[in-house]
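Asks: next input, structure requested:
(2 chains)
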Number of protein chains: 2
Amino acid sequence: MNCLPMFEPIRSDLGTVEERMLAAVGEAEEPLSSALAAILSSGGKRLRPALVILSARLFQWDPEPVTNLAAAVEMLHTATLIHDDTIDEATMRRGHKTLNATWTRSATILAGDYLFARAAALAANTSSTHVALIFAQTLLTICQGELRQMLSLFDWRGSREGYYQRIYAKTASLFASACEGGATLAHAPEDQARALKDCGRCLGMAFQIVDDILDFAGDEQRLGKPVGSDLRQGIATLPVYYYLQNGGQEALVEAALDRCAGEQDTRDRAIGELVAAVEASGAIASCRQEAQSFVRHAVETLAPLPDSPYRRALCELAAFVVSRDV
Amino acid sequence: MNCLPMFEPIRSDLGTVEERMLAAVGEAEEPLSSALAAILSSGGKRLRPALVILSARLFQWDPEPVTNLAAAVEMLHTATLIHDDTIDEATMRRGHKTLNATWTRSATILAGDYLFARAAALAANTSSTHVALIFAQTLLTICQGELRQMLSLFDWRGSREGYYQRIYAKTASLFASACEGGATLAHAPEDQARALKDCGRCLGMAFQIVDDILDFAGDEQRLGKPVGSDLRQGIATLPVYYYLQNGGQEALVEAALDRCAGEQDTRDRAIGELVAAVEASGAIASCRQEAQSFVRHAVETLAPLPDSPYRRALCELAAFVVSRDV
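Replies: Purely as a prediction, here's the structure:
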């Protein structure tokens, strides 16, 4: 298994998580079993399971429940991707065909449900109702956030606060739960579990802001998708807010996020113009600063903990989150 | 709240479950909150929460976790109905418009996910990881069963064993978990919790067989849907198996379950003929006998328990399950 260099101290733990996930979906019947195994094996950086393990490794390591939670968190994440792809009618992800592209939409919904259920069963198998509850509540936050996003599409006049709430729900809540859950299962003192949760939240916020930056300024080849995807879906992200704040043209944003645009071509052209204008403005640098400030805060929460390879790995992960270009 | 007459001894408990469900979805934002409240309030006999409560009332009554589980079980059931309606593109259920009819398909998927998550959170809130695990595994069984059904549509040559597996997954597994979970939370001895699980399973099998009978021999007005709905969806149920076993015409079944039928009219006519032929044969009576035999077994599992209003309610519920016409 390839893993990010800073995950070297937990390479074998991550290998066990991989086996646990494949064993869990291996209990399904065919063709579901193979389809889910293929999706789980098709890449992904395993950031979320790594957060669970690193957070647990900082305290009293208890491999069985921690591995279950790490697998559960990645499977929950994958289940949300499956339902996202169904909703967006996406046919490619991570350079592979989505389940949605080969199965009927109905079977895809059920496959996502099945993966949710498997993840919930693994979370319940940590023998901690507190962790099972954290897990269920994260799923609630994610669903609620997706619905909120769906209901506010094309609405670029909303507050920046709304953007933060959205990315918390979409990404940071699961990062936070991964860290809090790992620490809790490792019997961390309550204040330290809370600090880890905050660390995860900040990493997640930074991660999503960088994702949103890459949608404007990323390398299309490396990302495997065209820039401006969010705008195309009707979603205004932080670069748009900074662009407007720094005196950008409202008319350009309006044209790119015009739900009633007559011609698809017209909107596509407007999106291209807005992407270029945002890049040319200082918006991207402002976003990057903001992501860095979240990451600094994440690292600060770790300061009271004794030095260890695991704490160092978390700090390196924090640096990676803002420097990554894919 | 209207409740079935045999639920009189637990009327106020069921009222608390109702409040718990509405409070749980009340935590969602609008318009999700109102939409889910409307779906939960739109009827349903509350058999599943009643099974949780009656099973718990037989032992040491502990209202808080039992109410949570009862609410969780009904909400899980409702979530599966929402995803079912999305999959079937149904626009009416229980005489009301489905969520699917008024929301986009994507929002409906997410609303179902949200309800799953709320249900899982309530199940985790029983402070019993064993019960949270039973809960997650039931969801697994249900999803797997739905997928299996989806993959075997129009396949009427399958074994009758396949039919039993399907209705176990679809209905009896949740009935079984409701009883087992209720008994477990009430600290029932392990063998008695197992007996209750078996009781629930048999009630669920009987319930689903009667459902499948009503799809051939029910009153369309009372059911609020036309007879032959299962056949129209490509699903062969027990009456078809008995019809064939008792010397029915394969050609009639083949025409009604012909996935490649050229004209919709032709298949509709074939379905009408098959429904009439099944009714005219002894198939329905054979199915009813089978449902009765499941119900007899359910009542037998209760025999070792001391007499109480709750045990009597379960026995009356068993009688209702086979005698109901809606």
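Asks: helices and strands around whichever helix or strand residue A:205 is part of, which ones?
Replies: If you go by DSSP states H and E, residue A:205 is part of helix A:190-217. Under the contact criterion of 3 or more C-beta pairs under 8 Å, 6 or more residues apart in numbering or on different chains; DSSP states H and E, helix A:190-217 touches helix A:47-57, helix A:160-167, helix A:173-185, helix A:229-232, helix A:238-245, helix A:264-280, helix A:283-302, helix A:309-323. All C-beta spots, glycine's among them, are computed from the backbone N, C-alpha and C.
Asks: closest point of the stretch 201-326 of chain A to chain B, which residue?
Replies: residue A:233 (11.4 Å; C-beta to the nearest C-beta).
Asks: quick one: buried residues of the helix holding residue A:205?
Replies: Using 16 or more other C-beta atoms under 10 Å in any protein chain shown as the test for burial, helix A:190-217 gives A:192-193, A:195-217.
Asks: may I see the buried residues of stretch A:35-54?
Replies: Residues A:35-37, A:39-40, A:44, A:46-54 are the ones in stretch A:35-54 that count as buried (16+ other C-beta under 10 Å).
Asks: that one spans what distance, first to last residue?
Replies: Using C-alpha to C-alpha, to the nearest Å, the end-to-end distance of stretch A:35-54 comes to 29 Å.
Asks: is it positioned near chain B?
Replies: No - on the criterion C-beta under 8 Å from any C-beta of the partner chain, stretch A:35-54 is out of touch with chain B, staying 10.1 Å away.
Asks: and that stretch, how far from the chain's centre?
Replies: Centroid separation between stretch A:35-54 and its chain, computed with C-alpha atoms, centre = their mean, to the nearest Å, is 11 Å.
Asks: what of stretch A:303-310?
Replies: Its chain's average C-alpha position is 25 Å from that of stretch A:303-310, according to C-alpha atoms, centre = their mean.
Asks: buried stuff in it?
Replies: Neighbour-count burial for stretch A:303-310, with 16+ other C-beta under 10 Å as criterion, is recorded at A:305, A:310.
Asks: quick check: end-to-end length of it?
Replies: For stretch A:303-310, the separation between the terminal residues is 13 Å (C-alpha to C-alpha).
Asks: and for stretch A:226-243?
Replies: By C-alpha to C-alpha, the extent of stretch A:226-243 from end to end equals 20 Å.
Asks: for it, what is the average pLDDT?
Replies: On average, the pLDDT along stretch A:226-243 is 92.
Asks: what lies in contact with that stretch?
Replies: A:88, A:149, A:153-156, A:158, A:160, A:163, A:209, A:212-213, A:215-218, A:220, A:253, A:256-257, A:259, A:268, A:271-272, A:274-275, A:277-278, A:281-284, A:286-287, A:290 (C-beta atoms under 8 Å, 6 or more residues apart in numbering or on different chains).
Asks: quick one, which of those residues are buried?
Replies: Neighbour counting by 16+ other C-beta under 10 Å classes A:149, A:154, A:156, A:163, A:209, A:212-213, A:215-218, A:253, A:256-257, A:271, A:274-275, A:277-278, A:281, A:283-284, A:286-287, A:290 among the contacts of stretch A:226-243 as buried.
Asks: centre-most residue in chain A?
Replies: For chain A, residue A:171 is the residue whose C-alpha lies nearest the centre (C-alpha atoms, centre = their mean; 4.1 Å).
Asks: stretch A:97-114 and chain B, are they touching?
Replies: Yes - residues of stretch A:97-114 are located near chain B by C-beta under 8 Å from any C-beta, namely A:104, A:106-107, A:109-111, A:113-114.
Asks: which among these count as buried?
Replies: Buried members of the residues of stretch A:97-114 next to chain B, scored by 16+ other C-beta under 10 Å, are A:106-107, A:109-111, A:113-114.
Asks: who in the stretch 51-200 of chain A is up against chain B?
Replies: Those residues of the stretch 51-200 of chain A that sit near chain B, judged by C-beta under 8 Å from any C-beta, are A:83, A:86-87, A:104, A:106-107, A:109-111, A:113-114, A:116-118, A:120-121, A:123-129, A:132-133, A:135-137, A:139-140, A:142-144, A:146-148, A:150-151.
Asks: closest one to residue B:58 among the helices and strands packed on helix A:190-217?
Replies: For residue B:58, the closest of the helices and strands packed on helix A:190-217 is helix A:173-185, at 34.7 Å, according to C-beta to C-beta.
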